[in-house]
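**Student:** Kindly return the folded structure for what I paste below:
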Amino acid sequence: MKRAVIDIGTNSIRLLVADIENGKIISGKKHVRMVRLGEMVGRSRKIGEKALERCMDALDEFVKMALAEGVEDIKALATSAVRDAVNRDEIVKKIQSTLSLEVDILSGDEEAEMGYLGVISSFDAEGVFMMVDIGGGSTEFVVGNKEKIFYKKSLDMGAVRMTEQFIKSDPVDPIESHELERHVRKIIKSELKGIPSFEKGIAVGIGGTITTLGAIKLKMENYNREKIHLASIDRKEIHEMTSGFGETPLSRRRKIIGLDSERADIIYAGSIILQEIMEFFGCNDIKISDYDNLEGYLMTR
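**Tutor:** Residues are numbered from 1 along each chain as shown. Next up, the predicted model:
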């Protein structure tokens, strides 16, 4: 049985088409289009017309792709950008009327849970671990094991949101970098005080920031989800890449192997978020999961 789910994110629109047998994903293909739907949503709380046009084009393409694959059941979920937009009802109405695609707007907690469920569908963790999902508009945290979630939290700090708020210079001005680091650190310290302990060193990351860092580490000309999935990246590597991004002009950053040119402007802020998380929790390294909220949603909704 083929099923499909589309994730309408802050930075990208993603499609998963998967074969499911006996309630399990046997094989799946992912496709991504960078549309920057959440452009300026952090400030205006409104999705603009041009951003919506880019989103509609990607959704139309993905619906056609899924139908061509023989999919009859196409689901769609929306996260931070749509969730925060004052015109979200208008956005959802247009998507539904134009494409006959029902859109499920996830809360921050639901987004965190879907990501966690996607991870445990393919990650054989023993004991309690932490999952981190750095998206365009928000970052989600979950602590749990294979059977149960003990904690989940969504914070309004994402790669797009933090870039728009702090990064104005090219290359990044050290003052801007300092302000960004201080802001992220303050959010983490104040908002994650109650997070339960987890097995030291067992952290799993999902989302475009960490999969991109993995692709850069592995020098991938073309993204390979099989090679990325369950690869690891350590704190020193993250720090070195982050420093490099900040010192490199955007025009050169776009040419880095493994870094999608349309993600080059936000990778620095996303990497700062991950770096501060690693420092706060004392994690020496973090595993990368290509299984995320798309798989989690497909298996549970």
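**Student:** When you work out contacts or count neighbours from here on, use the C-alpha atoms and nothing else.
**Tutor:** Will do.
**Student:** can you pull out the helices in the stretch 151-300 of the chain?
**Tutor:** 159-166, 174-191, 208-217, 225-228, 235-247, 250-253, 267-281, 293-300 (DSSP state H, counting those that start in this stretch).
**Student:** For the stretch 151-300 of the chain, give me the ranges with low pLDDT.
**Tutor:** By pLDDT under 70, the low-scoring segments of the stretch 151-300 of the chain are 200-201.
**Student:** coming back round to it: which of the helices of the stretch 151-300 of the chain sits closest to L67?
**Tutor:** Closest to L67 of the helices of the stretch 151-300 of the chain, according to CA to CA: helix 293-300, at 16.4 Å.
**Student:** Output the contacting helices and strands for the closest one.
**Tutor:** Under the contact criterion of 3 or more CA pairs under 8 Å, 6 or more residues apart in numbering; DSSP states H and E, helix 293-300 touches strand 2-8, strand 12-21, strand 24-34, helix 108-120.
**Student:** and the residue most central in space within the chain, what does it touch?
**Tutor:** The centroid of the chain falls nearest to G207 when counting by CA atoms, centre = their mean (2.9 Å). When contacts are counted by CA atoms under 8 Å, 6 or more residues apart in numbering, G207 touches D133, I134, G135, D290, D292.
**Student:** can you do 10 Å?
**Tutor:** By CA atoms under 10 Å, 6 or more residues apart in numbering, the contact list for G207 reads 115, 132-136, 139-140, 270, 288-293.
**Student:** Next, it: phi, psi?
**Tutor:** Here is the backbone geometry of G207 (degrees, to the nearest 10): phi 100, psi 170.
**Student:** if I look at it, how far off is V172?
**Tutor:** Separation of G207 from V172 (CA to CA, to the nearest Å) stands at 23 Å.
**Student:** now do K30
**Tutor:** 32 Å.
**Student:** Looking only at neighbour counts, state which of these two leads.
**Tutor:** Counted by other CA atoms under 10 Å, K30 and V172 do not tie: V172 has more neighbours, with 19 against 15.
**Student:** re the thing from before, and the residue nearest to the centre of the chain, how far from K93?
**Tutor:** 27 Å.
**Student:** and the longest helix for the protein?
**Tutor:** When the chain is parsed with DSSP state H, its longest helix is helix 49-68.
**Student:** and that helix, how far out from the chain's middle?
**Tutor:** Using CA atoms, centre = their mean, to the nearest Å, the distance from the centre of helix 49-68 to the centre of the chain it belongs to is 19 Å.
**Student:** Repeat that for stretch 67-87.
**Tutor:** 15 Å.
**Student:** Go through that stretch and flag the buried ones.
**Tutor:** By 16 or more other CA atoms under 10 Å, the buried positions in stretch 67-87 come out as 71, 74-85.
**Student:** Let me have those in JSON lines, adding secondary structure and distance to T212 as columns.
**Tutor:** Below are those laid out as JSON lines (DSSP: H, G, I helix; E, B strand; the rest coil; distance: CA to CA, whole Å):
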{"residue": "V71", "secondary structure": "coil", "distance to T212": "29"}
{"residue": "I74", "secondary structure": "strand", "distance to T212": "27"}
{"residue": "K75", "secondary structure": "strand", "distance to T212": "26"}
{"residue": "A76", "secondary structure": "strand", "distance to T212": "24"}
{"residue": "L77", "secondary structure": "strand", "distance to T212": "22"}
{"residue": "A78", "secondary structure": "strand", "distance to T212": "21"}
{"residue": "T79", "secondary structure": "coil", "distance to T212": "20"}
{"residue": "S80", "secondary structure": "helix", "distance to T212": "20"}
{"residue": "A81", "secondary structure": "helix", "distance to T212": "21"}
{"residue": "V82", "secondary structure": "helix", "distance to T212": "23"}
{"residue": "R83", "secondary structure": "helix", "distance to T212": "25"}
{"residue": "D84", "secondary structure": "helix", "distance to T212": "25"}
{"residue": "A85", "secondary structure": "coil", "distance to T212": "27"}
